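> Structure here, sequence nowhere to be found:
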């Protein structure tokens with residue numbers, strides 16, 4: 001490599017560094033060549049895994065239950081923090097007398113964990129409620145529709 005080539009490459013690196021991305025890339029390249037980069041990544045991942053165990057997704061909070069828009073319809077609703085932000089809320093009515101298409105309902109919680117869903121149910125029916133976030137599903141919260 002000639003002096004001009006080295007100066008040209010250095011000049012190009014400095015120009016990219018001024019643009020804000022070349023310096024971290026160059027540093028990462030040097031660390032990777034030395035083997036330190038892999039050790040830092042593996043070491044930090046291993047220590048994080050031991051220090052912070054994954055907690056299971058909790059069930060949603062107990063919702064309010066009110067009469068719905070039609071007979072045998074009920075509204076289940078929870079306020080802020082009633083579920084994880086943006087969780088899918090799934091309800092399953094365990095009454096085998098209901099048609100299958102009326103046993104399951106769902107909704108999407110907002111950023112604050114609020115949710116509302118109208119379900120088919122009869123007084124005394126037991127309804128299981130779960131929340132899903134990504135690939136995690138909570139245990140069921142069971143409620144009974146009041147008589």
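The structure has been received and is ready for your questions. Since this is a predicted model, take the numbers as computed values, not measurements.

> SS state for residue 142?
strand (DSSP: H, G, I helix; E, B strand; the rest coil).

> Excluding sequence neighbours, find me the nearest residue to it.
residue 128 (5.4 Å; CB to CB, 6 or more residues apart in numbering). Glycine gets a C-beta too; all of them are placed from N, C-alpha and C.

> what pLDDT does the one you found get?
We have a pLDDT of 99 for residue 128.

> ranges for the strands of this protein?
Along the chain, counting by DSSP state E, strands occupy 64-67, 73-78, 88-93, 104-108, 115-120, 126-133, 136-137, 141-144.

> Return the set of buried residues in the last one.
Looking back up the chat, that one is strand 141-144. For strand 141-144, burial by neighbour count (16 or more other CB atoms under 10 Å) applies to 141, 143.

> before we move on, what about the first one?
Using 16+ other CB under 10 Å as the test for burial, strand 64-67 gives residue 65.

> avg pLDDT for it?
Strand 64-67 shows a mean pLDDT of 98.

> try the last one
Strand 141-144 shows an average pLDDT of 98 in the prediction.

> who's in contact with it?
By CB atoms under 8 Å, 6 or more residues apart in numbering, the residues outside strand 141-144 that reach it are 59-63, 65, 76, 124-130.

> Tabulate those in a markdown table, adding columns for distance to residue 102.
A markdown table is the format used below for those (distance: CB to CB, whole Å):
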| residue | distance to residue 102 |
| --- | --- |
| 59 | 22 |
| 60 | 21 |
| 61 | 24 |
| 62 | 23 |
| 63 | 18 |
| 65 | 17 |
| 76 | 14 |
| 124 | 16 |
| 125 | 11 |
| 126 | 15 |
| 127 | 12 |
| 128 | 15 |
| 129 | 16 |
| 130 | 18 |
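
> And the residues you listed, which is closest to residue 98?
Lowest distance from residue 98 to these (CB to CB) belongs to residue 125, with 7.8 Å.

> so the closest one makes contact with residue 95?
Yes. At 4.6 Å, residue 125 counts as touching residue 95 under the criterion of CB atoms under 8 Å.

> Do you have the helices of this protein handy? List them.
Secondary structure of the chain by DSSP state H: the helices cover 3-18, 22-34, 36-51, 100-103.

> Let me see the domain layout of this protein.
3-51, 64-144 (automatic domain parsing).
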